[in-house]
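Asker: sharing a model prediction with you, sequence too.
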Amino acid sequence: MGKRFSDSEKKKAEGQFRKREQARAKARAEAEELERQEAKKWEEGARQPNKKKQLEEEKRLQKLQAKQEREAMLSDERESTGRGGKGKLRKA
């Protein structure tokens, strides 16, 4: 005798249920992986600084610091010699 429809119906329903559960688990895992990747991008930062601009900024700051040092040395030298600024104009 062959199988009865009522016997195979139960197995078919269980198989379909198992496939649906597997599909849900797979979709959930993919969504979690996408979320993990997005979080990783945010942690790394949006953009990396431009090396050329960074070097230019460092050079500019070095020049500014050197200029300030020169001005400080010049003002110290002027104070030590007694000459400061324009000085007083004398009328003769």
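Answerer: Received the coordinates, thanks. Predicted, not measured: the structure shown is a model, and the values here were computed from it.
Asker: residue 82 - how many residues pack around it?
Answerer: Using other Cβ atoms under 10 Å, residue 82 has 7 other residues around it. All C-beta spots, glycine's among them, are computed from the backbone N, C-alpha and C.
Asker: what residues are up against it?
Answerer: Neighbouring residues of residue 82 by Cβ atoms under 8 Å, 6 or more residues apart in numbering: there are none.
Asker: which residues touch residue 23?
Answerer: Listed by Cβ under 8 Å, 6+ apart, residue 23 has no contact partners.
Asker: from residue 9, how far off is it?
Answerer: For residue 23, the distance to residue 9 (Cβ to Cβ, to the nearest Å) stands at 21 Å.
Asker: okay, domains of this structure per the record?
Answerer: Following automatic domain parsing, one gets these domains for the chain: 7-46, 49-77.
Asker: as TSV, those domains with mean pLDDT would be great.
Answerer: Converted to TSV, the domains of the chain look like this (pLDDT from 0 to 100):
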stretch	mean pLDDT
domain 7-46	92
domain 49-77	93
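Asker: now the element after the longest helix anywhere in the chain, going C-ward?
Answerer: As assigned by DSSP state H, the longest helix anywhere in the chain is helix 5-44. Using DSSP states H and E, the next helix or strand after helix 5-44 towards the C-terminus is helix 51-81.
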